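Enquirer: Turn this into a structure:
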Amino acid sequence: MMEQVRLPVPKPSSVKVDKATNSIAVGEKATIIATVLPSGSKQEVTFVSANTSKVTVKTTGEYTAVAEGSSVITVAAKED
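Expert: Residues are numbered from 1 along each chain as shown. All right, here's what the predicted structure looks like:
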C-alpha cells in the first residue's frame, strides 16, 4: 500500500486585485476579484469598506455605491 505524502499548504503572502481603482455611480454595483498569492495557498479573503456611508461591500467582494464620495476597500487573506 502506497503512503500518501501531504505537502504543507503555503501561507498567504499577498493579495492581488483585478483593479486598483474604480468609479461607479450611486446605486451601481461592481465586484472585486481577488487572488491570494502564492498559488496553492488558501484563497479565502475578507473585504472591508473604510466608509460604509459611501460604499458598502459584501463578503463576496461585491460593492455598491450608496452615496456620492469615495471609500477605500481593504482586501486581506483570512489566514494570518
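Enquirer: what's the neighbour count on residue 77?
Expert: Using other Cβ atoms under 10 Å, the number of residues around residue 77 comes to 19. Quick note: C-beta positions are derived from backbone N, CA and C, even for glycine.
Enquirer: Could you report the distance from the residue nearest to it when sequence neighbours are not counted to residue 42?
Expert: The shortest distance from residue 77 to any non-neighbouring residue, by Cβ to Cβ, 6 or more residues apart in numbering, is to residue 12 (3.6 Å). According to Cβ to Cβ, to the nearest Å, residue 12 stands 7 Å off from residue 42.
Enquirer: If we ignore the residues flanking it in sequence, what's nearest residue 70?
Expert: Distances taken as Cβ to Cβ, 6+ apart place residue 54 nearest to residue 70, at 6.2 Å, with adjacent residues excluded.
Enquirer: hmm, back to that, which of residue 12 and residue 42 has more residues huddled nearby?
Expert: Counted by other Cβ under 10 Å, residue 12 and residue 42 do not tie: residue 12 has more neighbours, with 19 against 14.
Enquirer: My guess is that one contacts residue 41. True?
Expert: Yes - under the criterion of Cβ atoms under 8 Å, residue 12 makes contact with residue 41 at 4.6 Å.
Enquirer: what's the overlap in contacts for these two?
Expert: Jointly contacting residue 12 and residue 41 under the rule Cβ atoms under 8 Å, 6 or more residues apart in numbering are 77, 79.
Enquirer: what's the distance between the host helix or strand of residue 48 and the middle of its chain?
Expert: For residue 48, the element it lies in under DSSP states H and E is strand 45-49. Here strand 45-49 is found 6 Å from its chain centre; the criterion is Cα atoms, centre = their mean, to the nearest Å.
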